[in-house]
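J.: Quick one, structure for this:
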Amino acid sequence: MGADKGSAVQFEDFLPSMARKLGVEGLIQELCKGFQLLMDPRTGKITFQSLKRNATRLGLGELRDNELSEMMREGDLDGDGALDQMEFCILMVRLSPELMEEESHMMFQY
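T.: Okay, the predicted model is just below:
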């Protein structure tokens, strides 16, 4: 269990550094690339099976089925059992509280 949590923390910490390095547009482009890697080409969406099959590409390979299912449930805003690109991007940002804190801090600096 500890190894799984460690993977999640590493993943959560990855988005803020990407945002700092790439800026908002670059981060969105990278999220879109991540979506393309994880999606099922037949449906154009991320399904549980496509997530499980491709998770190691994004460093999520150590997550168990129930953790992958939970990610799918959390991100599936329209209840269709799959993630479209918008749902995926929203989920990735929600999984990174540090990114959200940095964004709100930056807004108040101007």
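J.: buried stuff in stretch 54-65?
T.: Asn54, Ala55, Leu60, Leu63 (16 or more other Cβ atoms under 10 Å). For the C-beta atoms, the positions are set from N, CA and C on the backbone; glycine is no exception.
J.: quick one: which of those residues is nearest Leu95?
T.: Leu60 (10.7 Å; Cβ to Cβ).
J.: Assign the closest one to one of the three secondary structure states.
T.: Classification of Leu60 by DSSP: H, G, I helix; E, B strand; the rest coil places it in coil.
J.: Over to Met72?
T.: Under three-state DSSP, Met72 comes out as helix.
J.: My understanding was that it contacts Gln49; is that so?
T.: No. At 10.3 Å, Met72 and Gln49 do not qualify as touching, with contact defined as Cβ atoms under 8 Å.
J.: Who has more neighbours out of those two?
T.: Ranked by neighbour count (other Cβ atoms under 10 Å), Met72 and Gln49 place Met72 first, with 19 against 11.
J.: The most centrally placed residue in the chain: what's its closest spatial neighbour, skipping adjacent residues?
T.: With distances taken as Cα atoms, centre = their mean, Met92 lies nearest the centre of the chain, 3.1 Å away. Excluding the flanking residues, the one nearest Met92 by Cβ to Cβ, 6 or more residues apart in numbering is Leu31, at 5.7 Å.
J.: Could you pull up the contacting residues of that neighbour?
T.: With Cβ atoms under 8 Å, 6 or more residues apart in numbering as the criterion, the residues that contact Leu31 are Phe88, Cys89, Met92.
J.: Tabulate those residues (CSV), appending distance to Val24, pLDDT and secondary structure.
T.: Formatted as CSV, these follow (distance: Cβ to Cβ, whole Å; pLDDT from 0 to 100; DSSP: H, G, I helix; E, B strand; the rest coil):
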residue, distance to Val24, pLDDT, secondary structure
Phe88, 17, 92, helix
Cys89, 12, 89, helix
Met92, 13, 85, helix
